[in-house]
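*Asks:* From the sequence below, what's the structure:
(chains A and B)
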Amino acid sequence: MLKHNILFFFRNIKRQKNTFLINIIGLSTGLACTLLIVLWVVDELNVDKFHANHERIYQVIEHLEFTDGIQTITETSSPMAELLKDEMPEVEYATATIPPSWFGDHVLSVDENNLKATGQLIGEDYFNIFSFSLIEGDKNYVMSDPNSIVISKTLAINLFGSTKNVVGKTVEFEKKRQFQVSGIFEDVPANSTVQFDFALSTEASKEETPWNSLNTWNSSGPRVYVSLKEGTNISALNAKVEMIRKSRNENTIRTATLVPFSEHYLHGTYENGKQVGGRIKYVRLFSIIALIILTIACINFMNLSTARASKRLKEIGIKKAVGAKRKVFVFQFLGESILMVFMALSIALIMVAIFLPQFNIIIAKQLTLTFNVNLVLIILCITVFTGLIAGSYPAFYLSSLNAVAILKGKWNSSVGELWTRKGLVITQFTLSVVLIVSVLVVYKQVEFVQNQNLGYDQDNIVQFRIEGKIKDQLQTFVSEVKKLPGIKNASSTTHSMVGHNWSTTLNWEGKESDNVTQFQIVGVDYGLIETLGMEMAMGRSFSREFGTDSTSIIFNETAIKAMGIEDPIGKMIGNRTIIGTVKDFHFKSLHDKVEPLFMSLMPEGVNKVMARIEAGKEKETLNELQAFYETFNPGFPFEYQFLDHNYQALYTSEKRVATLSKYFAGMAILISCLGLFGLAIFTAERRRKEISIRKVLGQSVSQVTIMLSREFAELVLLSIVIALPIAYFLTQNWLSGFAYHIPLQVWYFLGAGFIALLVAILTVGLQAIQAANKPPVNALREG
Amino acid sequence: MLLQLNNIFKWVNSGGQRIFLLKDINLNVEEGQFISIMGPSGSGKSTLLNVIGMLDAFDEGEYHFLDESVHSLKEKRRATLYKEYIGFVFQSYHLLDELTVKENLEMPLLYKKFKGSERKAMVADMLDRFNIVGKKDLFPTQLSGGQQQLVGVARALISSPKLILADEPTGNLNSKQGEEIMELFKQLNDEGVTIIQVTHSEKNAEYGSRIINLLDGRMI
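*Replies:* Sure thing, here's the model as predicted:
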């Protein structure tokens, strides 16, 4: 019987190529999208989970209670590590680190071989907590000497040409200090949030500015990680940890707490001290999109198979008449649809293999299609499930029909069935329209963000770190840079204007005692405000003409408002005089409101040079700059960044979502239309006789075309009506995550509806015209 | 006695009115009979045939088939019964277009737990008997109407039923083809198969040994 059924299946395919093609294209595209998303989701879920003890690794985070709410930071103080290890018996290992994101890139040299590499500072226990496996060196001792450096396999090969006999050799750090290689670790896997090429001991940093100031309870910045002993009750431990800050200082606004390290990647967003998600929202979003696309593909399959049911009915009737039981059909139809989905799966896998590199570029990952047990199981589940869903209708409904009725041709599509089919089409288009609106809104918002007036001119600003000789001769260097052709202005700052996080509280006259407003600090040198093209709202900028500006301070408008000072110019804040207020500018992503901020001169603390290049002369000027840099600062490679690129990086996830959802929405509408196309062919066929009679009685081709298209256009219109409120709710919700966002405009919704309707009418109309143009005689003769 | 119908009624309700499709049908069929049911359109011929074939239910009365009371049987047992003893021949042949002649013949056997080799032998037998060996790999659409009906009859016969029910078997055929099919029925009947056919044609009815006339659901 199986052989018979398989024969049937394949001969059916041959007979109904259109239906088969529509099904296979729809299902395989749907599955391919789903598989890509599954690969991404699985990868996201596994980030930081490769550490052998990841369930026992915790990170200290701190909640800071400010006047306007609780802020949560992942930084804490170095001594926290020691305290946890010494006083909490549950803690097995603990380490303080200055993470790579902060410690940054540094020049390492072996002989004349200078390389820039990303480093971090770590404690002795680091390699006991994290499973970065060591090829050379013992994880218990690699960090016991402050003069040790541990390097990655790749870095070892780049520096020494090999990983053999490297331990014990000397590496020069920033052309200043010698470290001995004590170990080599396997390159950090891509699914680690901590990416570094080398590590130095936190002990070593105790002698180095600016890190030396970090080893006290008062400064915060380092990250602290612990691994707990097995069977630790985390809430009991946290109750103790949360008291640490309070027991040291009654009035502290800080509370330290432990959170699972490997969950932080996906659940890293805190609002007012409460965990409120994080990247997990994208994981969920895309899982839903995958489900939607797969649903749309399944609906096609179901719709087409019910529409084609009339063709299968004869088969059911005859088989029943010769003795087949219902069970036979259930197996046959479910089997057919599962077989179909497996065929689609093989095409989908090929599609995934083809599109994976492109997909990787968009999501900035290195996913590969490697089959492990889990992935295969997931894929099998999705496939079988899709098959069952898609085949359920014919399997359970058609098989229940009465043989005589079928054979006598008395069976007609019931009203209920017609509505099921219509309902399914409406579902498809509702989902598609929601996706289209969302994509439009995301796209518009990302565009808005990119063109938003930031309060300064970020174009053509090149920035690079102050290191080596430049550190000692900054003023000379900057004034020489200004003289280079193509450089319009240059200055230096403590912070890039992007993603800034250095703040303090201030005292001023009339401040209420419980006010703990945080002020962002930007240390600058003369000319920075001018270089960045910021505008002064009041007063003046820092200037050498006034001599005493080392005690001057400039606030932004928000800060002045927050302090409630009127007529600020000339007022004293502590020992500093306000000389001006600068118009608000954005220094974080537009997710956040502009916060109070001040600038003061810190010629010693600055670490970045910012230079404005004349537009259109970027290439020549950069070459000049590089040549000058390299002669001025030998041994240090010239590495620069454009400010606007860094700014764009703040919106990487949004842009990724925008790009991805664009493709996936396209897929959704494509698959939906494919289904509509199939239904249109079918309807035209079913109504052939009707069309012929109408034509014989004098209806024109265009009237018939309109009649046929109308049925579908109405469905799509109804979908649009249902979709728009849903889309409004969803997009409004998404936009509210931005402190600055576009207003939702009517045309986004009308536009999306129009697109859906247009595509649908084009799809159906072509079929309708064809059907309307057929000579009526053939159909009538049969009848 | 092959089958016996006692006071069979079948009706549908339409707009509060009861419309009788079959009214008080009493019929005894002995093994080896060749019965033709005749009557105008809508007189209930096909309904009666379907009731006899257990494809359709009735509302009142008793139906005994080989000493089993069909009216009180469970669906499953009824299905086994007709699978075992009854073969159908349809006016529009009802061959499956997706299957070849050979496969169409084999199909009823699939639902009766025959082994593959047995099935092959039975199909080969049938092909031989009906002289259609040369057509075994053709699809129904490649055959003439008469040939299709030949396959239809062969399919009905393949599991050696006691009773063949034919609903206007020659209705779609030209007279020469029709004659051939009727000759075939005659021959089968001579071999001992009971046949009940529905027909419009007096000439075809002549082939039978007994004629039942229906009018408005009643035997006259």
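*Asks:* what does chain B have sitting close to chain A?
*Replies:* Those residues of chain B that sit near chain A, judged by C-beta under 8 Å from any C-beta of the partner chain, are B:46, B:50, B:55-56, B:79, B:82-83, B:88, B:90, B:94-99, B:103, B:106-108, B:110-112, B:155. C-betas here are computed from N, CA, C, even on glycine.
*Asks:* Please indicate which of those are buried?
*Replies:* By the neighbour-count criterion of 16 or more other C-beta atoms under 10 Å in any protein chain shown, those include these buried positions: B:46, B:50, B:55-56, B:79, B:82-83, B:88, B:90, B:94-96, B:98-99, B:103, B:106-108, B:110-111, B:155.
*Asks:* show me the contacts for residue A:509.
*Replies:* For residue A:509, the residues meeting the contact criterion (C-beta atoms under 8 Å, 6 or more residues apart in numbering or on different chains) are A:565, A:571, A:572.
*Asks:* Mind checking what secondary structure it has?
*Replies:* Going by DSSP: H, G, I helix; E, B strand; the rest coil, the secondary structure assigned to residue A:509 is coil.
*Asks:* swap in residue A:492?
*Replies:* In three-state terms, and counting by three-state DSSP, residue A:492 is strand.
*Asks:* Using PyMOL, define a selection of the buried residues within the contacts of residue A:509.
*Replies:* Of these, the buried ones go into a single PyMOL selection, burial set by 16+ other C-beta under 10 Å:
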select buried, chain A and resi 565+571
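*Asks:* follow-up on the earlier one: out of the residues of chain B next to chain A, name the ones that lie in helices.
*Replies:* The helices in this structure, assigned by DSSP state H, contain B:46, B:50, B:79, B:82, B:83, B:103, B:106, B:107, B:108, B:110, B:155 from those.
*Asks:* Would you mind giving me the confidence score for the residue nearest to the last one when sequence neighbours are not counted?
*Replies:* If I follow you right, that is residue B:155. On the basis of C-beta to C-beta, 6 or more residues apart in numbering or on different chains, the spatially nearest residue to residue B:155 that is not a chain neighbour turns out to be residue B:105, at 5.4 Å. What the model reports for residue B:105 is a pLDDT of 89.
*Asks:* Also residue A:554?
*Replies:* Here the pLDDT value assigned to residue A:554 is 91.
*Asks:* Flag the shaky bits of the chain, pLDDT-wise.
*Replies:* Just going to use chain A. A:1, A:207-214, A:308-311, A:403-417, A:499-501, A:696, A:698, A:775-783 (pLDDT under 70).
*Asks:* you looked at the wrong chain, it should be chain B
*Replies:* Counting by pLDDT under 70, not a single residue of chain B qualifies.
*Asks:* which strands and helices sit next to the longest helix along it?
*Replies:* In chain B, ranked by residue count with DSSP H as the criterion, the top helix is helix B:175-190. Helix B:175-190 sits against strand B:34-38, helix B:145-157, strand B:163-167, strand B:194-198, with contacts defined as 3 or more C-beta pairs under 8 Å, 6 or more residues apart in numbering or on different chains; DSSP states H and E.
*Asks:* between the longest one and strand B:163-167, how big is the angle?
*Replies:* Same thing as helix B:145-157. Using axes from the mean of the first three to the mean of the last three C-alpha atoms, to 10 degrees, the interaxial angle of helix B:145-157 with respect to strand B:163-167 works out to 150 degrees.
*Asks:* Other residues contacting helix B:145-157?
*Replies:* A:322, B:87-90, B:93-95, B:101, B:104-105, B:107-108, B:126-127, B:129-130, B:132, B:135, B:140, B:143, B:164, B:166, B:169-170, B:172-174, B:176-178, B:180-181, B:184-185, B:188, B:193.
*Asks:* go again using 7 Å as the cut-off
*Replies:* Counting by C-beta atoms under 7 Å, 6 or more residues apart in numbering or on different chains, the neighbours of helix B:145-157 from elsewhere in the structure are B:87-90, B:93-95, B:101, B:104-105, B:108, B:126, B:130, B:132, B:135, B:140, B:164, B:169, B:172-173, B:177, B:180-181, B:184.
*Asks:* Any idea how many residues pack against the residue in the stretch 101-250 of chain A positioned nearest to chain B?
*Replies:* In the stretch 101-250 of chain A, no residue comes nearer to chain B than residue A:191, which is 50.3 Å away by C-beta to the nearest C-beta. For residue A:191, the tally of surrounding residues (other C-beta atoms under 10 Å in any protein chain shown) stands at 16.
*Asks:* Against residue A:129, how distant is it?
*Replies:* Note on residue A:191: its distance to residue A:129, by C-beta to C-beta, to the nearest Å, is 17 Å.
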